[in-house]
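Engineer: The sequence and its predicted three-dimensional model are supplied below.
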Amino acid sequence: MAIHVIREARRCLQCSEPTCREDGCPVKTNIPEMIKLFLEGNLNEAGTMLFDNNPMSVFCSLVCDHEGQCEGHCIQGKESDSPVQISSIEHYISDAYLDRLVATREPDKGQKVAVIGSGPAGLTVAVRLAREGYNVTVFERKDKIGGMLRYGIPEFRLPKKILDRYEKKLRALGVHIRPNTTIGGALRIDDLFDDGFDAVFIGVGTWRARRLGVKGESLGNVHYAVDYLQNPDAYELGDTVAIIGAGNSAMDVARTVIRHGSRYVTIYSRDNKVTASKREVEYTLADGVEIAYGVETLAITDEGPLFVHRTYNDAGEIVSRSEPAISAADSTIIAVSQRAKDKLSSTTIGLDSNERGLLEVDESGRTTRLGVFAGGDVTLGPFNVVQAVKSARHVAEAMSEYLREKAREE
């Protein structure tokens, strides 16, 4: 692997105006500088730069949509249809650096911050504020940290051991972690303030499955993608599985189902295209999954989904519909996005959410409740890891400013 990564790094043109960074990377990772440092033998310096810019670099290098972001904007790809494999280089550096990372923090500022949720947004805020000297406690409703990184992305795409290594670095940084603790249950946000927390960050993600809104969704052979991916071993799906939805989540589900023994797996897309990235589609097809296009779900039965097949013209307009017919399936998995849960907004006075269930925030991530901030999917809707990081970095800066002002006033 090292020889491959070094060869790829040598292909970088060191562009003076790197489009891979400016146009391709949501968090503006300095890709040419990263590669330059790596080739000069300064892996630690390259890793430090990556971590300082994006504490989730080791994860983003595995799960980002690289072909639509950095690699999709690489000049080598435009000239030779073979972009530099930036993701492989970044992961090699950030993974090696993770074990060498020495957690350092500024002198203790004497202020406490609660982070609710340990997904990409929560971890980004926790790292940034802990390094600035704030006493950070992460509250996680499950037994291990990671959020969607751990419970929404399959093991074959993101090995969970990386998260375990990351947790050790968090603790070394002085971050307290309370697993199996739901805020909005026995403990509420008001309790956090009563116990001396100066600010609260909400990064709970979007864990409520979005319904199709058709008859049959409560049947015993029907499941939701967000539930299935949390623990695939708990399910007995049978040989034939229908997956309704055509995003990256549907691809993750399909590839996981195949790996757990189902033999005939089909993804059904409502339109004549899919929303998943090209690379994920290619891997899904390579794994033996079929994709059917133009399929509208009317209902779900014990025998399988009831579909209507739609025919499109060259302009993408529907020109005809078939007669309804059941596609036989032992199990059906619905993968048409997620929504935010309302536990926090319903148990916290002054914390408003919109009609989609997402928390209302201003441009700096301030919610409608003083001292409470939010970022990531719970404010953006289901997105991707790097966008959650981008959001959280911005909010962490606003929180730091708020805490400094609060200290001055006190």
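Structural biologist: Now that the structure is in, tell me what you want to look at.

Engineer: which one is D342 nearest to, not counting chain neighbours?
Structural biologist: Leaving aside its sequence neighbours, D342 sits nearest to G357 (CB to CB, 6 or more residues apart in numbering; 5.7 Å). For every residue, glycine as well, the C-beta is placed using N, CA and C.

Engineer: try D23
Structural biologist: H73 (4.7 Å).

Engineer: and the one you found, how many neighbours does it have?
Structural biologist: By the measure other CB atoms under 10 Å, the count of residues near H73 is 21.

Engineer: swap in E40?
Structural biologist: By the criterion of other CB under 10 Å, E40 has 10 neighbours.

Engineer: Likewise for the one 10 residues further on?
Structural biologist: Using other CB under 10 Å, L50 is surrounded by 25 other residues.

Engineer: Chain neighbours aside, what residue packs nearest to L37?
Structural biologist: That would be A46: by CB to CB, 6+ apart, it lies 3.9 Å from L37.

Engineer: per-residue pLDDT, the one you found?
Structural biologist: Per-residue confidence for A46 comes out at a pLDDT of 98.

Engineer: Can you verify my assumption that it contacts I31?
Structural biologist: No - counting by CB atoms under 8 Å, A46 sits too far from I31 to count as a contact (10.5 Å).

Engineer: CA-only coordinates of the helix or strand containing A254 in CSV, if you can.
Structural biologist: If you go by DSSP states H and E, A254 is part of helix 248-259. Taking C-alpha atoms only, helix 248-259 is exported to CSV below (Å, rounded to 0.1, in the frame of the first residue of the first chain):
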residue,chain,number,x,y,z
ASN,A,248,-25.8,6.1,-0.7
SER,A,249,-27.6,4.7,2.3
ALA,A,250,-29.5,2.3,0.0
MET,A,251,-26.2,1.2,-1.5
ASP,A,252,-24.7,0.6,2.0
VAL,A,253,-27.8,-1.5,3.0
ALA,A,254,-27.6,-3.6,-0.2
ARG,A,255,-23.9,-4.4,0.1
THR,A,256,-24.4,-5.2,3.8
VAL,A,257,-27.4,-7.5,3.1
ILE,A,258,-25.3,-9.4,0.5
ARG,A,259,-22.5,-9.8,3.0
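
Engineer: avg pLDDT for it?
Structural biologist: On average, helix 248-259 scores 97.

Engineer: next one: stretch 310-324
Structural biologist: Averaging pLDDT along stretch 310-324 yields 89.

Engineer: Can you show me the CA trace of it as PDB?
Structural biologist: These are the backbone C-alpha positions of stretch 310-324, laid out as PDB (Å, rounded to 0.1, in the frame of the first residue of the first chain):
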ATOM      1  CA  ARG A 310     -42.800   3.900 -15.100                       C
ATOM      2  CA  THR A 311     -41.500   4.500 -18.600                       C
ATOM      3  CA  TYR A 312     -39.600   7.700 -19.400                       C
ATOM      4  CA  ASN A 313     -38.900   9.500 -22.600                       C
ATOM      5  CA  ASP A 314     -35.500  11.100 -23.500                       C
ATOM      6  CA  ALA A 315     -36.500  14.300 -21.700                       C
ATOM      7  CA  GLY A 316     -37.000  12.400 -18.500                       C
ATOM      8  CA  GLU A 317     -40.800  12.700 -18.600                       C
ATOM      9  CA  ILE A 318     -43.100   9.800 -17.600                       C
ATOM     10  CA  VAL A 319     -44.900   8.500 -20.600                       C
ATOM     11  CA  SER A 320     -46.600   5.400 -19.300                       C
ATOM     12  CA  ARG A 321     -47.200   3.200 -16.200                       C
ATOM     13  CA  SER A 322     -47.500  -0.500 -16.000                       C
ATOM     14  CA  GLU A 323     -50.300  -2.400 -14.200                       C
ATOM     15  CA  PRO A 324     -49.500  -2.800 -10.500                       C
END
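
Engineer: quick one: the nearest residue to C25 once chain neighbours are set aside from T19, how far?
Structural biologist: Nearest residue to C25, sequence neighbours excluded (CB to CB, 6+ apart): C70, at 5.2 Å. With distances taken as CB to CB, to the nearest Å, C70 is found 9 Å from T19.

Engineer: More neighbours: which of these two?
Structural biologist: C70 (30 against 16).

Engineer: Check which helices and strands the helix or strand hosting T48 sits against.
Structural biologist: Secondary structure from DSSP H and E places T48 in helix 43-53. Counting contacts by 3 or more CB pairs under 8 Å, 6 or more residues apart in numbering; DSSP states H and E, helix 43-53 packs against helix 31-39, helix 86-100.

Engineer: who's in contact with the shortest one?
Structural biologist: This points to helix 31-39. By CB atoms under 8 Å, 6 or more residues apart in numbering, the list of residues contacting helix 31-39 from outside reads 6, 9-10, 12, 14-15, 18, 20-21, 25, 43, 45-46, 49-50, 70, 84, 86, 89-90, 92-93.

Engineer: Filter these down to just the buried residues.
Structural biologist: By neighbour count, with 16 or more other CB atoms under 10 Å, these hold 9, 12, 18, 20-21, 25, 43, 45-46, 49-50, 70, 84, 86, 89-90, 92-93 as buried.

Engineer: where does Y166 land in three-state SS?
Structural biologist: helix (DSSP: H, G, I helix; E, B strand; the rest coil).

Engineer: Okay, now the unreliable bits of the chain?
Structural biologist: Across the chain, residues meeting the criterion (pLDDT under 70) sit at 1-3.

Engineer: Just the residues contacting the strand ranked longest in it, thanks.
Structural biologist: Selection of the longest strand in the chain by residue count, based on DSSP state E, yields strand 304-312. By CB under 8 Å, 6+ apart, the surrounding residues in contact with strand 304-312 are 216, 240, 242, 244, 268, 272, 294-300, 318-330, 332.

Engineer: That one pairs with which strands?
Structural biologist: When pairs are called by DSSP bridges, strand 304-312 turns out to pair with strand 295-301 (antiparallel), strand 318-321 (antiparallel), strand 325-326 (antiparallel).

Engineer: could the ones you listed be laid out in TSV, adding mean neighbour count?
Structural biologist: Listed next are those as TSV, based on neighbours: other CB atoms under 10 Å:
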stretch	mean neighbour count
strand 295-301	19
strand 318-321	11
strand 325-326	14
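
Engineer: how about those strands, which one is nearest T181?
Structural biologist: strand 295-301 (35.5 Å; CB to CB).

Engineer: which residues touch that closest one?
Structural biologist: Strand 295-301 is contacted from outside by 212, 214-217, 219, 222, 244, 268-270, 305-310, 321, 324, 326, 332, using CB under 8 Å, 6+ apart.
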